[in-house]
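1. Turn this into a model:
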Amino acid sequence: QVQMVESGGGLVQAGGSLRLSCAASGIVFMNSTMGWYRQAPGKPRELVTTLTSVGSATYVESVKGRFTISRDNAKRTVYLQMNSLKPEDTAVYYCNTFPALRVQTRWTAYDYWGQGIQVTVSS
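-> This is a model prediction of the structure:
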């Protein structure tokens with residue numbers, strides 16, 4: 001059973017830092033490109049950053065130089081270090097594979113999403 005459990009979110013002042021963690025199970029983690037996504041109120045979910053199995057990372061322009069993605073394959077965990085946080089970084093953050101994991105059942109198919117973790121940056 002697929003499970004991705006995010007942790008480490010919270011409330012922080014602008015300019016502060018947070019480190020998110022995501023423990024993954026039910027996937028071949030070490031071979032998977034992992035990503036962090038976020039969804040702000042009233043906006044669609046957006047891809048923030050990805051990290052391939054060989055360590056190649058991408059970032060959306062708005063977080064370049066401030067966020068760093070990393071992974072520990074032995075712990076099946078992906079991290080997101082967020083520095084110099086801004087109010088516009090406020091969102092629910094999700095980890096997932098990239099592309100998002102597709103779950104196929106007998107009757108339907110859908111993208112898997114975990115609970116996510118709230119990050120709130122106050123000005």
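2. Okay, now the unreliable bits of the protein?
-> Within the chain, no stretch falls below the threshold (pLDDT under 70).
3. The spatially most central residue of it pairs with what?
-> Centroid-nearest residue in the chain, with C-alpha atoms, centre = their mean: residue 36, separated by 2.2 Å. In this entry, residue 36 is beta-bridged to residue 49, residue 95, by DSSP bridges.
4. For it, give its distance to residue 72.
-> 15 Å (C-beta to C-beta, to the nearest Å). Glycine gets a C-beta too; all of them are placed from N, C-alpha and C.
5. Please apply the same query to residue 31.
-> From residue 31 over to residue 72 (counting by C-beta to C-beta), the distance is 15 Å.
6. Then residue 110?
-> 28 Å.
7. thought residue 37 was touching residue 97?
-> No: Residue 37 is beyond contact range of residue 97, at 10.6 Å (criterion: C-beta atoms under 8 Å).
8. So which residues of this structure form helices?
-> Under the criterion DSSP state H, the chain contains no helices.
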